[in-house]
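In: return a 3D structure for these sequence lines:
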Amino acid sequence: MNVLPNADKAFIPIEKFTEYALNFIKEPNKAIAFERALGYNKNNAAELIANILENLSLFAAVEKGDKGFGMQYEVVLNLLGANNKYANVLTGWIIDNKTNEARLTTAYVTKKKVLE
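Out: Presented below is the predicted three-dimensional model:
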């Protein structure tokens, strides 16, 4: 199984969730999906980040191409949420050409299957 390069040093700015994915004004569909499926909202965004980072190397990463800034990857994780329910979360990553850092670019609840 191919895991995300540098997964052990992956970085997720909390603003990716507090300002976007869990923000009911900017991203209402994502925010509703995260809250209903996994019990996450802006108040427990740090727990969601920790959950993603703790489980990231357990799931396969798929290369999605390099548009000039670094190789992009997709990782679908099956996470146990704050509400004790499981749901799949699609995460997008870029391995920055300059820093070699794995950085989250997107995340949302999905019905897409986890790769084995």
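In: contacting residues around residue 6?
Out: 95, 100-102 (CB atoms under 8 Å, 6 or more residues apart in numbering). For the C-beta atoms, the positions are set from N, CA and C on the backbone; glycine is no exception.
In: just the buried ones from the residues you listed?
Out: 95, 102 (16 or more other CB atoms under 10 Å).
In: and the furthest pair within the contacts of residue 6?
Out: Across the contacts of residue 6, no pair lies farther apart than 100 and 102, at 8.3 Å, counting by CB to CB.
In: which of the contacts of residue 6 lies closest to residue 75?
Out: Of all these, residue 75 sits closest to residue 102, with 9.9 Å by CB to CB.
In: the residue nearest the centre of the chain: what's it in contact with?
Out: Geometric centre of the chain, nearest residue: residue 91, 3.4 Å, by CA atoms, centre = their mean. Going by CB under 8 Å, 6+ apart, residue 91 touches 52, 56, 74-77, 104, 106-107.
In: 10 Å instead, please
Out: Residues counted as contacts of residue 91 (CB atoms under 10 Å, 6 or more residues apart in numbering) are 4, 10, 12, 52, 56, 59, 61, 73-77, 79, 104-108, 110.
In: quick one: the helices in the protein?
Out: Ranges of helices within the chain are 15, 28-38, 45-55, based on DSSP state H.
In: quick one: contacts of stretch 76-90?
Out: So stretch 76-90 is contacted by 21, 33-41, 43-44, 47-48, 51-52, 54-56, 58-62, 74-75, 91, 106-115 (CB under 10 Å, 6+ apart).
In: just the buried residues of the residues you listed.
Out: The neighbour count (16+ other CB under 10 Å) marks 21, 33-35, 37-41, 44, 48, 51-52, 55-56, 59-61, 74-75, 91, 107-110 as buried among those.
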